[in-house]
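S.K.: Got a predicted structure here, sequence first:
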Amino acid sequence: MGGCGRVLEWEAGLPTAAELTPLSHQLIPRALAAAFRIELAGASSDSPTSHLSFPCDDDDEDYEEEEEEEEEEGEPENAAPRGGGGGGKAGNKKARMVWTAELHRRFIDAVARLGDRAAVPKAIVQVMNVEGITREHVASHLQKYRVYLKRTRTTHGSVPPLMPTTHGFTFSPQPSSDTSSRRG
DNA sequence: CCGCGAATAT
DNA sequence: AATATTCGCG
């Protein structure tokens, strides 16, 4: 007990096969889910409910300078700040969203597919297909992402096109070269 | 009223 | 620094 962590971490599970057309995703670490007593959603092609409740209630919000944490990868955990669970009272704590590499990937992917033209929060949220994410979440990150792009433009002879944010994920900034694959 | 974008706050 | 929240505008 104790030391449950201070921030909720979500992860988006990639539906493999690289699906970038259908709008469906479902991936829950049943082992973890069981540990958290998560209700396994039916295997129906409906309601991708992967709500994961974290028994982590702590008011402690004193953040200290943390050393860099290693972002791992492997178990795609998807957590939704939703409560619920039978008789579960809404005792939800707003956790700060942690943009993991996986989520970043979805975000970047969504933005790239939409194009700088339609890369608006609402659309991004929709194509990301990450449960629990809200428009405001992506809007906030989108802003930072745009600022980052701006910065890469005026590179002061340093800092290559890499976003040294959270855990340095790598990708190529696409200047919106559309006219190719764009599903409608 | 809704949603985006930038500013602003924590 | 990273994310959330607020505010102005269309």
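M.R.: Structure received. Numbers count the residues shown, from 1 in each chain, chains lettered A, B, ... in the order given.
S.K.: what does chain A put close to DNA strand B?
M.R.: A:V120, A:P121, A:K122, A:A123, A:R135, A:A139, A:S140, A:L142, A:Q143, A:R146 (Cβ under 7 Å from any atom of the strand). Using the backbone N, CA and C atoms, a C-beta is placed for each residue, glycine as well.
S.K.: Pretty sure the fourth one sits against A:G115.
M.R.: Pointing back at A:A123 there. No: using Cβ atoms under 8 Å, A:A123 is not in contact with A:G115; the gap is 9.9 Å.
S.K.: check contacts around A:V138.
M.R.: Going by Cβ atoms under 8 Å, 6 or more residues apart in numbering, A:V138 touches A:F107, A:P121, A:I124, A:V125, A:M128.
S.K.: again, 6 Å this time
M.R.: With contact set as Cβ atoms under 6 Å, 6 or more residues apart in numbering, A:V138 has these partners: A:P121, A:I124, A:V125.
S.K.: Please produce CSV containing those, extended by distance to A:A101, neighbour count and secondary structure.
M.R.: Shown next, in CSV, are the contacts of A:V138 (distance: Cβ to Cβ, whole Å; neighbours: other Cβ atoms under 10 Å; DSSP: H, G, I helix; E, B strand; the rest coil):
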residue, distance to A:A101, neighbour count, secondary structure
A:P121, 20, 17, helix
A:I124, 17, 27, helix
A:V125, 19, 19, helix
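S.K.: Out of those, which is nearest to A:T152?
M.R.: Among the contacts of A:V138, A:I124 lies closest to A:T152 (Cβ to Cβ), at 19.7 Å.
S.K.: residues in contact with that closest one?
M.R.: Contacts of A:I124 by Cβ under 6 Å, 6+ apart are A:A110, A:V138.
S.K.: again, only this time at 10 Å
M.R.: Contacts of A:I124 were listed using Cβ atoms under 10 Å, 6 or more residues apart in numbering, and they are A:106-111, A:113-114, A:118, A:130, A:133, A:135, A:137-139, A:141-142, A:145.
S.K.: of those, buried ones?
M.R.: A:106-111, A:113-114, A:130, A:133, A:137-138, A:141-142, A:145 (16 or more other Cβ atoms under 10 Å).
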